[in-house]
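1. Fold the following.
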Amino acid sequence: MEETKQNVTINKAWKLMEDVYDPEIPVLSIIDLGIVRDIQLSNDAIEIFITPTYSGCPVMDVISMNIRIALTENGFKKIKITQQLSPAWTTDWMIENGKEKLKAYGITPPIGKSFDKKYLEELKVECPHCHSLNTKLISQFGSTACKALYQCNDCLEPFDYFKCH
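-> Model (predicted):
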């Protein structure tokens, strides 16, 4: 009976994390990004383990605060949020639904796996606006460090590409 109550509580916490969004990409939840590594319950305290997309990511404090708010608003009293730096986050942890949300939002999702040794200049990055592969790298850094700035040679629109790492 106790184990069932614990599983229900942990499942509830996982479900709540689906409604905590990345402040830099508001269409992606922290579940979509794959930064929630684990959720544990011990002595009525819930512990959420998160891994930043980059060490020193400026929004991790905001994300931690939003996790705490979501849990508190749903009856959790004892909350611990632990940043787990190892293993380092990788775009491989993003869920496919999250990648589709990125594309619909106008950001090209990561291509391939993080261990691919492709250079940004060699990538055939699809324009999220007109779907052309006739694109060029403008800058290795886009609106945030995790993105590169590209421009479509067909529709001429600039767009971000979420870099693999």
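
2. Run through who's touching stretch 95-115.
-> Stretch 95-115 is contacted from outside by 25, 27-29, 31-34, 90-92, 94, 118, 123-129, 147, 150, 159-165, using C-beta atoms under 8 Å, 6 or more residues apart in numbering. Where you see a C-beta, it was placed from the backbone N, CA and C, and this is true even at glycine.

3. Could you look up the SS state of the closest residue to residue 47 other than its chain neighbours?
-> In space, residue 47 comes closest to residue 80 once its chain neighbours are excluded; the distance is 4.3 Å by C-beta to C-beta, 6 or more residues apart in numbering. Here residue 80 is strand, with the state taken from DSSP: H, G, I helix; E, B strand; the rest coil.

4. okay, which residue is most central for the chain?
-> In the chain, the centroid-proximal residue (C-alpha atoms, centre = their mean) is residue 33; its distance is 2.3 Å.

5. check contacts around that one.
-> Counted by C-beta under 8 Å, 6+ apart, residue 33 has contacts 22, 53, 93-94, 98.

6. repeat that for 7 Å
-> 22, 53, 94, 98 (C-beta atoms under 7 Å, 6 or more residues apart in numbering).

7. quick one: which of these has the most company?
-> Using other C-beta atoms under 10 Å as the neighbour criterion, residue 53 leads the contacts of residue 33 with 26 neighbours.

8. ok, back up a step: so the residue nearest to residue 47 touches residue 45, yeah?
-> Yes: Residue 80 lies in contact with residue 45 (C-beta atoms under 7 Å); the separation is 6.0 Å.

9. separation between residue 76 and residue 135?
-> Separation of residue 76 from residue 135 (C-beta to C-beta, to the nearest Å): 45 Å.

10. Pull out the buried residues from stretch 38-54.
-> Applying a neighbour-count criterion of 16 or more other C-beta atoms under 10 Å, one finds 39, 41, 46, 48, 50-53 buried in stretch 38-54.

11. sorry, back to before: and the contacts of residue 33, which two are furthest apart?
-> By the measure C-beta to C-beta, 53 and 98 form the most distant pair in the contacts of residue 33, at 12.0 Å.

12. Span of stretch 70-84 from start to end?
-> End-to-end distance of stretch 70-84 (C-alpha to C-alpha, to the nearest Å): 20 Å.

13. try stretch 124-144
-> OK, stretch 124-144 end separation, C-alpha to C-alpha: 21 Å.
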